[in-house]
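K.L.:
Structure, please.
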Amino acid sequence: MQEEKQPEEIEQSEKELIGLEDIEALREVLSEEKVKAESHLQNWQRVKADFINYKRRSEQEKEEMKKFANSVLICNLLPALDDLERALSSIPPRLSKLPWVEGIKLIERKFHTVLEAQGVTPIKAKGKPFDPNLHEAAMSARGKEGVVVRELKKGYRMRDRVIRPATVAVGSGNGEKK
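P.N.:
Okay, the predicted model is just below:
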């Protein structure tokens, strides 16, 4: 004979069913919260990576500023150096051994030493292939095509950056010796 369930047992069974439904609901909520947590973690990781990149870029910009802080001042002094070099090159040979001329040559050498200490070096142009990154063509002249035949104004670079391109005359291929 089959026993009838007592009201207490029925109530217990209902509670178990409700408990199972609650467990399923909790599992569903837990699953949703796991998805949210994963999304928050990914967002946090992305923001962290962005911040690291920002910090690195900031440091690089600071280093660039340190390296090239004097470049404006140096660019403003280069025309004076050009004038000094032109003046020295126009001195007649018979006067070149006079003490005051030697003094001016010493000043020019000191000028170049100071520039080199700041990482400034002249760009070698004459006889080199024309490079628009290093040279500024002012005219064409007789000579090997595409090669710098004359330097009109010295160019300079500061470390790896061109601060003033060399103004040059580029060979046109006319009158070239074969």
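
K.L.:
Relative to the whole chain's centre, how far out is the helix or strand containing residue 26?
P.N.:
Using DSSP states H and E, residue 26 maps to helix 7-68. Remark: helix 7-68 is offset 37 Å from the chain centroid, using C-alpha atoms, centre = their mean, to the nearest Å.

K.L.:
following that helix, which helix or strand comes up?
P.N.:
helix 71-89.

K.L.:
For that following helix, buried residues please.
P.N.:
Buried residues in helix 71-89, defined by neighbour count with 16 or more other C-beta atoms under 10 Å: 71, 74, 78, 81. For the C-beta atoms, the positions are set from N, CA and C on the backbone; glycine is no exception.

K.L.:
if we can go back for a sec, between the helix holding residue 26 and helix 71-89, how big is the angle?
P.N.:
Here helix 7-68 points in a direction 20 degrees away from that of helix 71-89 (axes from the mean of the first three to the mean of the last three C-alpha atoms, to 10 degrees).

K.L.:
for helix 7-68, what is the average pLDDT?
P.N.:
The average pLDDT for helix 7-68 rounds to 85.

K.L.:
other SSEs contacting that helix?
P.N.:
Other helices and strands packing on helix 7-68, by 3 or more C-beta pairs under 8 Å, 6 or more residues apart in numbering; DSSP states H and E, are absent; none qualifies.

K.L.:
And the nearest residue to residue 145 once chain neighbours are set aside, how far from residue 49?
P.N.:
Spatial nearest neighbour of residue 145, chain neighbours left out: residue 173 (3.4 Å); criterion: C-beta to C-beta, 6 or more residues apart in numbering. Residue 173 is 54 Å from residue 49, where distance means C-beta to C-beta, to the nearest Å.

K.L.:
Pick out whichever of those two has more residues nearby.
P.N.:
Set residue 173 next to residue 49 and count neighbours by other C-beta atoms under 10 Å: residue 173 wins out with 13 against 10.

K.L.:
what's the domain layout of this structure?
P.N.:
9-67, 70-171 (automatic domain parsing).

K.L.:
taking those domains together, which one is wrapped up most tightly?
P.N.:
Mean neighbour count, computed with mean count of other C-beta atoms under 10 Å, is highest for domain 70-171 among the domains of the chain, reaching a mean of 14.

K.L.:
Does the residue nearest to residue 145 touch residue 144 like I think?
P.N.:
Yes. Using C-beta atoms under 8 Å, residue 173 is in contact with residue 144, at 7.0 Å.
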